[in-house]
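K.L.:
below is the structure, and that's it, no one-letter string:
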């Protein structure tokens, strides 16, 4: 196995070339997702005086730097942070995120916990940038959410005596294949971690295979699937229900919700909806795209098949009563919208690989359907299918049949929703267990 010094050397030689190759695509994504040019300064560790003052004002006795890449990881961090701040009065937190949508949610969270939490963009893992950020933040612990371990930052944290924890650790099949290919080089990096908190018992052997010592790995369960902290406020649900009524969709209408959809899926889900409307005359369709900046593309596609969606972002918009379609082109509300659905179909599971997280729908006790490609959530998918809390279909034709069956049999749909909710009880307490492990490492 390569030494730690050799791993870092190879990483730092390759990093500039990788970033240059990724830069054009990253800029395009930034602009599409309403990122700002001035935010790029934060990526190299340059922060405004206001941000520096806010960080300096955080409690100093214990201060965590929590990093969450994007929206999904920020959702995990949100549950973790809520528990930490509730149980640990002298703790301050800096929450960093990489994407504009992730940063937006982090900023909302910081506003809710003013004086205890500051949101920033994550710095690029260049030599010296991580060191300067550690000097600015002065964390007593660095907490990485799910998958992103930065070699330079981890090394500098260890050099400064700052424990680094990987929480809710997740290995997608793609990540596992990549890590196995470079096992000799990633092993020393993972070995610098203070602890790895994994979601499933099977994950322990996977991390050990990368050279991580067994005593560093702890089974805590999945924070994302933990019912604790996942309750959507009733006021939020009522707010969205009233909004639906104003758009022309009544509380009595059955709703098919397409969650976290990706390119090409919206029009196929809409075609399924049109065919279902021939038998379920009052059915409504809600589409929640994974990337809201695709709203114009989605709207144009739907119009080619005769649908005119109302937009969540347009005040006073109303659906077409002959084919009610509502496009949710805002972020951070998916969990609440799922509470209003009759059926939830998970996106990125039909025309792309990996899938999206079905846990929020299961926690909302809704029947969940997804396509053949749920690779990134295999343990959860296996659990839900085993407990009959979800249904996997092969294609859009089979999806149509499954939706029709559940819409015509409300008792069966309710039973599936309840079974999915019960299945997630196996992860109950994961947030608290993770918090306890972090506080023991401080």
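P.N.:
Everything's here; your move. Bear in mind the structure is a predicted one, so any value in this text is a computation, not a measurement.
K.L.:
buried residues, stretch 149-164. List them.
P.N.:
Going by neighbour count (16 or more other CB atoms under 10 Å), the buried part of stretch 149-164 is 149-158, 162-164. C-beta: built from backbone N, CA, C; applies to glycine.
K.L.:
pLDDT below threshold where in the stretch 51-200 of the chain?
P.N.:
Along the stretch 51-200 of the chain, the parts satisfying pLDDT under 70 run over 173.
K.L.:
can you give me the strands in it?
P.N.:
62-67, 91-97, 117-121, 141-145, 164-169, 195-198 (DSSP state E, counting those that start in this stretch).
K.L.:
show me what the fourth one pairs with in its sheet, parallel or antiparallel.
P.N.:
In its sheet, strand 141-145 lies beside strand 62-67 (parallel), strand 164-169 (parallel), with partners assigned from DSSP bridges.
K.L.:
so which of those strands is the most surrounded?
P.N.:
strand 164-169 (a mean of 26; mean count of other CB atoms under 10 Å).
K.L.:
follow-up on the earlier one: can you put the strands of the stretch 51-200 of the chain in TSV and add distance to residue 271?
P.N.:
Below are the strands of the stretch 51-200 of the chain laid out as TSV (distance: least, CB to CB, whole Å):
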stretch	distance to residue 271
strand 62-67	40
strand 91-97	35
strand 117-121	39
strand 141-145	37
strand 164-169	36
strand 195-198	40
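K.L.:
these: which one's closest to residue 184?
P.N.:
Ranking the strands of the stretch 51-200 of the chain by distance to residue 184, with CB to CB as the measure, places strand 195-198 first at 18.7 Å.
K.L.:
list the contacts of that closest one.
P.N.:
By CB atoms under 8 Å, 6 or more residues apart in numbering, the surrounding residues in contact with strand 195-198 are 163, 165-169, 190, 204, 207, 212, 216-220, 433-434, 437, 441.
K.L.:
next: stretch 268-275.
P.N.:
Applying CB under 8 Å, 6+ apart, the set of residues contacting stretch 268-275 from outside is 256, 258, 261, 283, 285, 287, 302, 305-307, 323, 325, 345, 350-351, 396, 399-400, 403.
K.L.:
same thing but 6 Å
P.N.:
Contacts of stretch 268-275 with the rest of the structure, by CB atoms under 6 Å, 6 or more residues apart in numbering, involve 256, 258, 285, 302, 307, 396, 399-400.
K.L.:
show me how far stretch 82-89 is from its chain's centre.
P.N.:
The offset between the C-alpha centroid of stretch 82-89 and the centroid of the whole chain comes to 21 Å, using CA atoms, centre = their mean, to the nearest Å.
K.L.:
mind listing what's buried in it?
P.N.:
Buried residues in stretch 82-89, counted by 16+ other CB under 10 Å: 82-85, 88.
K.L.:
middle-most residue in the protein, spatially?
P.N.:
residue 72 (0.9 Å; CA atoms, centre = their mean).
K.L.:
SS state for the closest residue to residue 297 other than its chain neighbours?
P.N.:
Excluding the flanking residues, the one nearest residue 297 by CB to CB, 6 or more residues apart in numbering is residue 263, at 7.6 Å. Per DSSP: H, G, I helix; E, B strand; the rest coil, the local secondary structure of residue 263 is coil.
K.L.:
what distance do you get for residue 233 to residue 68?
P.N.:
Taken as CB to CB, to the nearest Å, the spacing of residue 233 relative to residue 68 amounts to 22 Å.
K.L.:
no no, residue 144
P.N.:
According to CB to CB, residue 144 stands 9 Å off from residue 68.
K.L.:
tell me the bridge partners for residue 289.
P.N.:
Here residue 289, judged by DSSP bridges, has bridge partners residue 261.
K.L.:
surely it is in contact with residue 263?
P.N.:
No: counting by CB atoms under 6 Å, residue 289 stays clear of residue 263, with 9.0 Å between them.
K.L.:
which one's more surrounded, these two?
P.N.:
Set residue 289 next to residue 263 and count neighbours by other CB atoms under 10 Å: residue 289 wins out with 23 against 17.
K.L.:
list the contacts for residue 7?
P.N.:
Residue 7 touches 185, 188-189, counting by CB under 6 Å, 6+ apart.
K.L.:
okay, it: pLDDT?
P.N.:
What the model reports as pLDDT for residue 7 is 80.
K.L.:
part of a helix, is it?
P.N.:
Yes: using three-state DSSP, the assignment for residue 7 is a helix.
K.L.:
roughly how far apart are it and residue 267?
P.N.:
Applying CB to CB to residue 7 and residue 267 gives a distance of 46 Å.
K.L.:
for residue 87, same thing?
P.N.:
Separation of residue 87 from residue 267 (CB to CB) stands at 47 Å.
K.L.:
next one: residue 420
P.N.:
For residue 420, the distance to residue 267 (CB to CB) stands at 27 Å.
K.L.:
I appreciate the help and will end here.
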